[in-house]
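# structure for the following, please:
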Amino acid sequence: MTYAYYRDVKHGRTPKTAATYHETKTKTKTTKGTTSMKKYKCLVCGYIYDPAAGDPDNGVEAGTAFEDLPDDWVCPECGVGKDEFEAVED
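All right, here's what the predicted structure looks like:
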């Protein structure tokens with residue numbers, strides 16, 4: 001492999017399978033000041049997801065918007081998916 005190939009095609013990155021691979025940390029988007037994060041209510045059990053508090057028991061940090069929750073996140077009270085939640089007014 002030539003340096004030009006490494007630089008232009010691989011973009012200077014080490015493959016994940018290499019022994020010297022180091023995962024880089026990505027910056028998270030901050031939504032401070034752009035919009036207020038809405039609370040969401042579970043239609044099944046009434047649980048309210050508050051982005052300011054997050055869901056620390058399930059690995060969701062405070063400040064995580066509902067839209068940024070992983071697709072496999074479920075209601076901590078009844079276990080339904082994100083599709084069973086609706087936005088509520090403060």
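# strands of the chain, start to end?
Here the chain has its strands, by DSSP state E, at 39-42, 48-49, 85-88.
# what's the local residue count around V80?
Here the number of neighbours of V80 (other CB atoms under 10 Å) works out to 15. Heads up, the C-betas are built off the backbone N, CA and C, glycines and all.
# ok, the residue lying closest to it once chain neighbours are set aside - contacts?
Ranked by CB to CB, 6 or more residues apart in numbering and with sequence neighbours excluded, the top spatial neighbour of V80 is V44, at 5.1 Å. The neighbourhood of V44, defined by CB atoms under 8 Å, 6 or more residues apart in numbering, consists of 75, 78, 80, 84.
# now the strands of the chain in a markdown table, with mean neighbour count and distance to T2?
Listed next are the strands of the chain as a markdown table, based on neighbours: other CB atoms under 10 Å; distance: least, CB to CB, whole Å:
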| stretch | mean neighbour count | distance to T2 |
| --- | --- | --- |
| strand 39-42 | 18 | 52 |
| strand 48-49 | 18 | 52 |
| strand 85-88 | 13 | 52 |
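# any idea which of these gets closest to D57?
D57 lies closest, by CB to CB, to one member of those: strand 48-49, at 12.4 Å.
# list the strands paired with the closest one, with their directions.
Applying DSSP bridges, strand 48-49 is found paired with strand 39-42 (antiparallel).
# chain center to the strand it pairs with: distance?
Relative to its parent chain, strand 39-42 has a centroid offset of 17 Å by CA atoms, centre = their mean, to the nearest Å.
# distance of F66 from C75?
Distance of F66 to C75, given as CB to CB, to the nearest Å: 12 Å.
# need the residues touching each of those two.
Common neighbours of F66 and C75 (CB under 8 Å, 6+ apart) are F85.
# between those two, which one's more packed in?
Set side by side, F66 and C75 show more neighbours around C75, with 21 against 17, by other CB under 10 Å.
# contacts only, for that one.
C75 makes contacts with 42, 44-45, 47, 81, 84-85, as judged by CB under 8 Å, 6+ apart.
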